[in-house]
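1. below are the sequence and a predicted model for it; my questions follow.
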Amino acid sequence: MLKKISLLILPVLLSIAAQAQTDTNASTDLMRSNGKIYVVVAVVLAILIGLFAYVYSLDRKISKMEKS
């Protein structure tokens, strides 16, 4: 289950990374110059890690319930 989820999310992340490299938006440059872009990336990563941890623990609980 976790492999399927990661295989679904990987192309999305790669496409976002590809767009981020070609985008020269003024607001992006402003955030990058102020250092706020790193805060945004850290918050997004924290949310994603939390979601993955929740889905993983939920999967383990459901698997335990199915076995018994």
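-> Yep, that arrived.
2. sec struct for the residue nearest to the spatial centre of the chain, please.
-> Geometric centre of the chain, nearest residue: residue 48, 4.2 Å, by C-alpha atoms, centre = their mean. When classified by DSSP: H, G, I helix; E, B strand; the rest coil, residue 48 comes out as helix.
3. same deal with residue 53?
-> Three-state call for residue 53 (three-state DSSP): helix.
4. so how far is residue 65 from residue 9?
-> 26 Å (C-beta to C-beta, to the nearest Å). Any C-beta I mention is one placed from the backbone N, CA and C, and that applies to glycine too.
5. rounded mean pLDDT for the helix or strand hosting residue 10, please.
-> Following DSSP states H and E, one finds residue 10 within helix 2-22. Within the predicted structure, the mean pLDDT of helix 2-22 is 68.
6. contacting residues around it?
-> 52, 55-56, 59 (C-beta atoms under 8 Å, 6 or more residues apart in numbering).
7. let's see 10 Å
-> Defining contact as C-beta atoms under 10 Å, 6 or more residues apart in numbering, one finds that helix 2-22 is touched by 28, 37, 48, 51-52, 55-56, 59.
8. hmm, back to that, higher neighbour count, residue 9 and residue 65?
-> Set residue 9 next to residue 65 and count neighbours by other C-beta atoms under 10 Å: residue 9 wins out with 13 against 8.
9. buried stuff in stretch 52-61?
-> By neighbour count with 16 or more other C-beta atoms under 10 Å, stretch 52-61 contains no buried residues.
10. dump it to CSV, keeping only the CA atoms.
-> The C-alpha trace of stretch 52-61 is given here as CSV (Å, rounded to 0.1, in the frame of the first residue of the first chain):
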residue,chain,number,x,y,z
PHE,A,52,2.6,9.6,5.5
ALA,A,53,3.2,8.6,9.1
TYR,A,54,-0.6,8.7,9.7
VAL,A,55,-1.4,6.6,6.6
TYR,A,56,1.3,4.1,7.6
SER,A,57,0.1,3.7,11.1
LEU,A,58,-3.5,3.4,9.9
ASP,A,59,-2.4,0.8,7.4
ARG,A,60,-0.7,-1.2,10.2
LYS,A,61,-3.8,-1.0,12.5
